[in-house]
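S.K.: only geometry, no sequence info:
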């Protein structure tokens, strides 16, 4: 029954495919194609589209007769099939559609790109409803017709039985305990007024409504047959044929044109906040743990005998043996004067067991560094990296990294360079008008820290970053703070000065032209011009630090 119900709801193309896969015969009769108990007109259109070159607004579909005809002539060559189809006046299947169509109809593929799921479908009609009214099919047809009439009578009987069961109710309780006999109408009218009878009738109807809603399912299932429900299949089939599937549970979950790359940046920011909070909580707990620990008892020391001594050594002079010269100065005495009685502290007669604990400075409170940081690319394809950054920024000479590697230099994690500056020039840059003392040294050395792995920097270190050398690709700044939602580093260049080093004969990267980056040029052969680019770097950097990060050393 479920298989028959599926066939009744299937479209012509799916029904033809199922019959072809199961090797079942499709009967042709007049202008109908009969699939078992269901039939379709030959000229009914399926939802398999005809191939057309280019994009066409008007869609055309193959008829059921065309698909059935090619299945019958699948073994002959295509030109001969075209001739036979033209002779039979059957629409021809194009050679372009032939291979994919046969693969779908034979079950080799589950679907095809030419199937239009939004096309209107026509459901098959039951052969029992389409039979002619004559007796040309013999006694078997008459017998089935009589069986059909009996079936319809049984459906009508079941409907009447169910309606009678709903209308029956409980009449014994409908009139407040009064039982009406066939001849008791006159006695009831005499015993009660018209208003009382109307109120009882209204109560009875209300009781019948509640009785209908409260019929248990067991009583409904107790009917001998529910065949009258099957009589509504034709109406349901017509309703389903007019339905169109706009969205299903698969394509409703598909997001088109949406990206979720900004979620990664949000997760990175949250993880950094969480790590910084956990580190702050850890540092706050360490002093508490240290203070909560009790000091261990002091062991014996020959240099700590003063705590066991009393007044017997000083006799009546009351000299503070734990005092010093600073205590004497505060009390107004000198080294040549004896301490007065007011300045001398009163010592107890018994030796004290308390040991004075010297106050030590807290080592956890380190002094914040003011050394500027410069970040260079880690890639060897960049002209400037940790191999040759000291030669360029400190010695004003550009040496390619490949030559440094050939000379045996090994890569280090960071480089410290020492920049020598003139004090008078520094004062002029900072706006100081006071001239330097000629007797003092006019040259001062300022350190700079050069790294290529910014992942090791914390929040305080990022505040000391003054410059970055840009290689070109945007992935150089992956994981950096201040990135935009699209991953662009434009906000980074407002926090530090950006530079790009290139040969003067080559073109800069496309990203460098879009970003706020200062381009430095070096020659491949003229080494005497390297100092010009190096001094240009320091000139731009000094102006940036003077304007944005005056708290650092420069």
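M.R.: Structure received. If you're wondering where the values come from, they're calculated on a predicted model, not measured in any experiment.

S.K.: where along the stretch 351-500 of the chain do the helices fall?
M.R.: All helices of the stretch 351-500 of the chain, identified by DSSP state H, counting those that start in this stretch, fall at 389-393, 401-406, 423-430, 459-462.

S.K.: Pick out the shakiest of these, pLDDT-wise.
M.R.: Ranked by mean pLDDT, these bottom out at helix 423-430, with a mean of 71.

S.K.: In contact with residue 522, which residues?
M.R.: Residues in contact with residue 522 (CB atoms under 8 Å, 6 or more residues apart in numbering) are 383, 398, 501-504, 529-530, 533. Backbone N, C-alpha and C define where each C-beta goes, glycine included.

S.K.: Buried ones among those residues?
M.R.: Among those, those buried by neighbour count (16 or more other CB atoms under 10 Å) are 383, 398, 501-502, 530, 533.

S.K.: Could you list which of these belong to strands?
M.R.: Of the buried ones among the contacts of residue 522, the ones assigned to strands by DSSP state E are 501-502.

S.K.: re the thing from before, from the helices of the stretch 351-500 of the chain, which stretch is densest packed?
M.R.: Each of the helices of the stretch 351-500 of the chain was scored by mean neighbour count; the highest is helix 389-393, a mean of 20, by mean count of other CB atoms under 10 Å.

S.K.: neighbouring contacts of that helix?
M.R.: In contact with helix 389-393 (CB under 8 Å, 6+ apart) are residues 374, 376, 384, 397-399, 404, 415, 417, 419, 448, 450, 501, 530, 534, 537-538.

S.K.: The same query, at a cut-off of 10 Å, please.
M.R.: 374, 376, 383-384, 397-399, 401, 404, 415-419, 448, 450-452, 467, 469, 501, 520, 522, 530-531, 533-534, 537-538, 541 (CB atoms under 10 Å, 6 or more residues apart in numbering).

S.K.: Quick one, which of these are buried?
M.R.: For these, buried by 16+ other CB under 10 Å: 374, 376, 383-384, 398-399, 401, 404, 415, 417, 419, 448, 450-452, 467, 469, 501, 520, 522, 530, 533-534, 537, 541.

S.K.: Please identify the helix or strand for residue 158.
M.R.: Element membership for residue 158, per DSSP states H and E: helix 139-168.

S.K.: Next: residue 200.
M.R.: Remark: residue 200 resides in helix 194-213, with elements defined by DSSP H and E.

S.K.: Can you get me a residue count around residue 24?
M.R.: 10 (other CB atoms under 10 Å).

S.K.: so where's the chain shaky on pLDDT?
M.R.: Low-confidence regions of the chain, defined by pLDDT under 70, span residues 1-10, 54-57, 122-155, 159, 162-191, 209-231, 255-260, 284-318, 320-366, 428-441.

S.K.: Show the residue spans covered by the strands in it.
M.R.: Using DSSP E, the strands of the chain run over 27-29, 32-35, 38-41, 45-49, 61-63, 125-126, 373-375, 414-422, 443-451, 465-469, 497-503, 518-522.

S.K.: The first one - which strands sit beside it in the sheet, and in what orientation?
M.R.: Looking at strand 27-29 with DSSP bridges, its paired strands and their directions are strand 32-35 (antiparallel).

S.K.: swap in the third one?
M.R.: With DSSP bridges as the criterion, the sheet partners recorded for strand 38-41 are strand 32-35 (antiparallel), strand 125-126 (antiparallel).

S.K.: ok, now the fifth one?
M.R.: Using DSSP bridges, the strands paired with strand 61-63 in its sheet are strand 45-49 (antiparallel).

S.K.: which residues sit against the partner strand?
M.R.: 11-16, 40, 56, 59-64, 66-67, 93, 97, 100-101, 104-105, 112-122.

S.K.: Which among those residues count as buried?
M.R.: Buried among the contacts of strand 45-49 by 16+ other CB under 10 Å: 11-16, 40, 61-64, 66-67, 93, 97, 100-101, 104-105, 114-115, 119, 121.

S.K.: so of those residues, which ones are in helices?
M.R.: Among the buried ones among the contacts of strand 45-49, the members falling in helices (DSSP state H) are 12-16, 64, 66-67, 97, 100-101, 104-105.

S.K.: Can you tell me which of these is nearest residue 509?
M.R.: Proximity of those to residue 509 (CB to CB) peaks at residue 100, which lies at 47.7 Å.

S.K.: The closest one reaches residue 106, doesn't it?
M.R.: No: the criterion here is CB atoms under 10 Å, and residue 100 misses it with residue 106 at 11.1 Å.

S.K.: neighbours around the residue nearest to residue 504 when sequence neighbours are not counted, how many?
M.R.: Ranked by CB to CB, 6 or more residues apart in numbering and with sequence neighbours excluded, the top spatial neighbour of residue 504 is residue 521, at 3.9 Å. Neighbourhood size, residue 521 [other CB under 10 Å]: 16.

S.K.: If residue 521 is in a bridge, with which residues?
M.R.: residue 502.

S.K.: Could you check how far it is from residue 398?
M.R.: As judged by CB to CB, to the nearest Å, residue 521 and residue 398 stand 11 Å apart.

S.K.: what residues are shared contacts of those two?
M.R.: In contact with both residue 521 and residue 398: 501, 503, 529, 533, using CB under 10 Å, 6+ apart.

S.K.: and those residues as JSON lines, adding distance to residue 156?
M.R.: Shown next, in JSON lines, are the shared contacts of residue 521 and residue 398 (distance: CB to CB, whole Å):
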{"residue": "501", "distance to residue 156": "97"}
{"residue": "503", "distance to residue 156": "99"}
{"residue": "529", "distance to residue 156": "109"}
{"residue": "533", "distance to residue 156": "104"}
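
S.K.: Please point out which parts of the helix holding residue 200 sit buried.
M.R.: Of the residues in helix 194-213, those buried by neighbour count under the rule 16+ other CB under 10 Å are 200, 204, 208.

S.K.: separation between the last one and residue 495?
M.R.: In this structure, residue 208 and residue 495 are separated by 83 Å, where distance is defined by CB to CB.

S.K.: For burial, what's the neighbour tally of residue 483?
M.R.: 19.

S.K.: That one contacts residue 269, correct?
M.R.: Yes: when contacts are counted by CB under 10 Å, residue 483 is listed as touching residue 269 (9.2 Å).

S.K.: Apart from its neighbours in sequence, what residue is nearest residue 27?
M.R.: residue 34 (4.1 Å).

S.K.: List the beta-bridge partners for the one you found.
M.R.: residue 27, residue 39.

S.K.: Surely it touches residue 26?
M.R.: Yes: using CB under 10 Å, residue 34 is in contact with residue 26, at 7.0 Å.

S.K.: residues bridging contact with the two, i.e. touching both?
M.R.: The contact sets of residue 34 and residue 26 overlap at residue 40 (CB under 10 Å, 6+ apart).

S.K.: ok so, going back, residues contacting the residue nearest to residue 504?
M.R.: Contacts for residue 521 (CB under 10 Å, 6+ apart) come out as 500-506, 508, 529, 532-533, 536.

S.K.: ok, 7 Å please
M.R.: Going by CB atoms under 7 Å, 6 or more residues apart in numbering, residue 521 touches 502, 504, 533.

S.K.: can you tell me which residues contact the residue lying closest to the last one once chain neighbours are set aside?
M.R.: Spelled out, that is residue 533. With CB to CB, 6+ apart as the criterion, residue 533 has its nearest non-adjacent residue at 4.6 Å, and that residue is residue 520. Applying CB under 7 Å, 6+ apart to residue 520 gives the contacts 499-501, 533, 536-537.

S.K.: nearest to residue 52, of the helices of the stretch 351-500 of the chain?
M.R.: Once the helices of the stretch 351-500 of the chain are compared by CB to CB, helix 401-406 is nearest, at 60.7 Å.

S.K.: contacting residues around that closest one?
M.R.: 380, 385, 387-388.

S.K.: and with 8 Å instead?
M.R.: Under CB under 8 Å, 6+ apart, the answer for helix 401-406 is 380, 383, 385, 387-388, 391.

S.K.: and what of stretch 58-73?
M.R.: With contact meaning CB under 8 Å, 6+ apart, stretch 58-73 is reached by 12-13, 16, 20, 26, 33, 40-50, 52, 81, 84-85, 88, 90-93, 97-98, 101-102, 105, 116, 119.
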